[in-house]
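K.L.:
got a structure for you, letters missing:
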C-alpha cells in the first residue's frame, strides 16, 4: 500500500525538512516553509517511464530524429524560438503582470491557425474567464473555428479535455494556478508545480503535443518558485519591457533547439503586438543634433547586431560624496571605468556626480561597450559632442588597455551596411580588418588615447 508522507518544503529553493523552520538553512529566507503531503509508491511498483526495461546504448545504436518546426511567420518570435516552434516541445514564458504574455500567445495562435487551419488549439486559463479571453481573441483577429477556450484549474479535468479534443497546441495560463488532485498542497506550491509539469511533459512528449506554459514572476523579475520548472521545460523565454512604454523585448534564457542569446523586439499597439523590423532605429531615434555626452556602440544579441546609444551626464558635485546612477549598465562596472579615467587620463572625474543610461531600456551585461561608456563620460565632461557616424567597440582593462571583442567581423559588416564612417576599437582589431570594409577603423592601445583623438 502506498505511504502518505508529510514534509515541509521551502517555496524559494525547494529544501525539505521533517519539521517547520522559521528560516531556510539553504537560501536564508524567512517564513518560506509550507507543509506538503505526497504519496510515496512502494519499490515493487516502480517502473521505467515507458514501462519497458531499458539499457545503455552506443551512439551508433541511437537513431537520429530530425527536429520538425512550425513557422509562425512572426520573424521576431521565430528567431527567438530557433527558427520556429518545435513540435512536441514545452515552452515556458515568464514576465511581469500585464506585460502582454497572453497577448503574445494569442497572436501566435492566430498565426498558426492561419497557416494550419485544420489544426486545433486549446487555450486553458485559470485566471481569466472564457468571456474575457474571447473578447481579447476577437480584438486581435483570432476567430478561427479551431481555437478552443477552456476555463479550468484542475489538471485531471484539463487532461481529459486534451485527450478528447486532441489539439495540436496547448496553452496553460498559468502553471501556478493549475493543481492536481494527487497532491494535497495548495496550487502554486513546489509540489503542485512539479507534479503538473511532470505529467504535462510526459504526455506532450508521448503524443507530440506542443505546449506553452505561462509562469508568474517574483518582484525581482525571476520565475516564481525554485528553478525546477525551468529545468524541466525545453525553452524558457522572458517577456520584458516597461508597462507604461510601448516596446517589448522577448529574450530567451534556455533553448534546447536553438540559440540562447536571441532577442525579439515588439511594439505594443491597440491591435496587438507589432514586430520591429529595424530595432537599431528604435534605440537611436530622437537624438538631439550636436548634443554632448552620448556615443554609439554595436552589441551582439544572438545572431543580430544592434546599435545602442549610451548617454552620460557629469555634473559638478556640491556635496561631499559623488553620486553614481546607472540604468542598463552594471554600476560596479561604471565605477571601474571612472577609476580608469581618474588614473590614466588625469581627470578628477570621481569627484563629480555621474549618471549613465542606455537608451531604449536595453540591459548591457557584456564588456564590449566599455570604450563607448568612457567616450560618453569624456564628452559630457568636456561638453564636446561626438560625431554621429562614429562607433566605439572595445573592452577596457584595469591597466587602461583596450582589448578586442569577439565576432568583430560580423559587427563591421553591419556597420558598413548602416553607412557609418568611423570605428574606434583596439589596435589588434584595426590591424586585422584594415582596408577590408569601406569604413575608417582607428585602433588605439590605451583608453587615454581617446582624449587626444576626440577632444583636441
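P.N.:
Yes, it's here. All of these numbers come straight from a predicted model, not from anything done at the bench.

K.L.:
which ones are touching the closest residue to residue 368 other than its chain neighbours?
P.N.:
Counting by Cβ to Cβ, 6 or more residues apart in numbering, residue 405 is the residue found nearest to residue 368 once chain neighbours are left out, at 4.2 Å. No exception for glycine: its C-beta is placed from N, CA and C like everyone else's. With contact taken as Cβ atoms under 8 Å, 6 or more residues apart in numbering, residue 405 is in contact with 366, 367, 368, 393, 394, 395, 411, 425, 426, 429.

K.L.:
before we move on, what about residue 83?
P.N.:
By Cβ under 8 Å, 6+ apart, the contact set of residue 83 is 69, 71, 258.

K.L.:
that one belongs to a helix, doesn't it?
P.N.:
No: counting by DSSP: H, G, I helix; E, B strand; the rest coil, residue 83 falls outside a helix, being coil.

K.L.:
strands along the stretch 51-200 of the chain, start to end?
P.N.:
69-70, 85-86, 90-95, 121-125, 147-151, 169-173 (DSSP state E, counting those that start in this stretch).

K.L.:
of the contacts of residue 83 - the most surrounded one?
P.N.:
Using other Cβ atoms under 10 Å as the neighbour criterion, residue 258 leads the contacts of residue 83 with 20 neighbours.

K.L.:
next, the buried residues of the longest helix out of those in the chain.
P.N.:
Assignment by DSSP state H gives helix 190-207 as the longest helix of the chain. Going by neighbour count (16 or more other Cβ atoms under 10 Å), the buried part of helix 190-207 is 190, 191, 192, 193, 194, 195, 196, 197, 200, 201, 204.

K.L.:
one step back: how about the strands of the stretch 51-200 of the chain in TSV, adding distance to residue 297 and mean pLDDT?
P.N.:
Listed next are the strands of the stretch 51-200 of the chain as TSV, based on distance: least, Cβ to Cβ, whole Å; pLDDT from 0 to 100:
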stretch	distance to residue 297	mean pLDDT
strand 69-70	33	88
strand 85-86	33	92
strand 90-95	27	92
strand 121-125	41	93
strand 147-151	43	93
strand 169-173	38	93
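
K.L.:
now these as a markdown table including distance to residue 274?
P.N.:
Below are the strands of the stretch 51-200 of the chain laid out as a markdown table (distance: least, Cβ to Cβ, whole Å):
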| stretch | distance to residue 274 |
| --- | --- |
| strand 69-70 | 21 |
| strand 85-86 | 20 |
| strand 90-95 | 18 |
| strand 121-125 | 22 |
| strand 147-151 | 21 |
| strand 169-173 | 21 |
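
K.L.:
residue 314 and residue 383 touch, don't they?
P.N.:
No: here residue 314 lies out of contact with residue 383, judged by Cβ atoms under 8 Å, at a distance of 9.2 Å.

K.L.:
which of those two has more neighbours?
P.N.:
When neighbours are counted by other Cβ under 10 Å, residue 314 and residue 383 differ, and residue 314 comes out ahead with 24 against 10.

K.L.:
would you map the helices across this protein?
P.N.:
Under the criterion DSSP H, helices of the chain are mapped to 75-80, 101-115, 130-139, 155-165, 190-207, 228-232, 279-284, 331-344, 370-382, 408-417, 427-432, 449-454.

K.L.:
just these: most buried one?
P.N.:
helix 370-382 (a mean of 25; mean count of other Cβ atoms under 10 Å).

K.L.:
and the contacts of that one?
P.N.:
Outside helix 370-382, the residues that touch it by Cβ under 8 Å, 6+ apart are 292-297, 310-314, 329, 333-334, 337-338, 340-341, 345, 347, 349, 352, 354, 356, 385-386, 392-396, 402, 424-425, 447, 450-451, 454-455.

K.L.:
that one to helix 331-344, inter-axis angle?
P.N.:
Interaxial angle, helix 370-382 versus helix 331-344 (axes from the mean of the first three to the mean of the last three Cα atoms, to 10 degrees): 60 degrees.

K.L.:
show me where pLDDT drops low in the stretch 101-250 of the chain?
P.N.:
The stretch 101-250 of the chain contains residues with pLDDT under 70 at 220-221, 224-226, 242-246.

K.L.:
buried stuff in the lengthiest strand in the chain?
P.N.:
Longest strand in the chain by number of residues (criterion: DSSP state E): strand 304-316. By 16+ other Cβ under 10 Å, the buried positions in strand 304-316 come out as 304, 305, 306, 307, 308, 309, 310, 311, 312, 313, 314.

K.L.:
quick check: which of the helices of the chain is nearest to residue 443?
P.N.:
With Cβ to Cβ as the criterion, residue 443 lies closest to helix 427-432 of the helices of the chain, at 2.7 Å.

K.L.:
who touches the closest residue to residue 146 other than its chain neighbours in this structure?
P.N.:
Once flanking residues are discounted, residue 146 sits nearest to residue 120: 4.8 Å by Cβ to Cβ, 6+ apart. Residues near residue 120 by Cβ under 8 Å, 6+ apart: 146, 148, 165, 166, 167, 168, 169.

K.L.:
identify the bridge partners of the nearest residue to the last one once chain neighbours are set aside.
P.N.:
Spatially, and ignoring its direct neighbours in sequence, residue 169 is nearest to residue 121 (4.5 Å; Cβ to Cβ, 6+ apart). For residue 121, the beta-bridge partners are residue 147, residue 169 (DSSP bridges).

K.L.:
how many residues are close by the residue nearest to residue 323 when sequence neighbours are not counted?
P.N.:
Nearest residue to residue 323, sequence neighbours excluded (Cβ to Cβ, 6+ apart): residue 353, at 4.3 Å. By other Cβ under 10 Å, the residues close to residue 353 number 16.

K.L.:
now swap in residue 33 and tell me
P.N.:
With other Cβ under 10 Å as criterion, residue 33 counts 22.

K.L.:
ok, what's across the strand from it?
P.N.:
Beta-bridge partners, per DSSP bridges, of residue 33: residue 10.

K.L.:
tell me which residue is most central in this protein.
P.N.:
residue 251 (2.8 Å; Cα atoms, centre = their mean).

K.L.:
I figured that residue was touching residue 241, is that so?
P.N.:
No: using Cβ under 8 Å, residue 251 is not in contact with residue 241; the gap is 10.2 Å.

K.L.:
related to what we said a few turns ago, for residue 65, find the nearest of the helices of the chain.
P.N.:
Of the helices of the chain, nearest to residue 65 by Cβ to Cβ is helix 190-207, at 11.7 Å.
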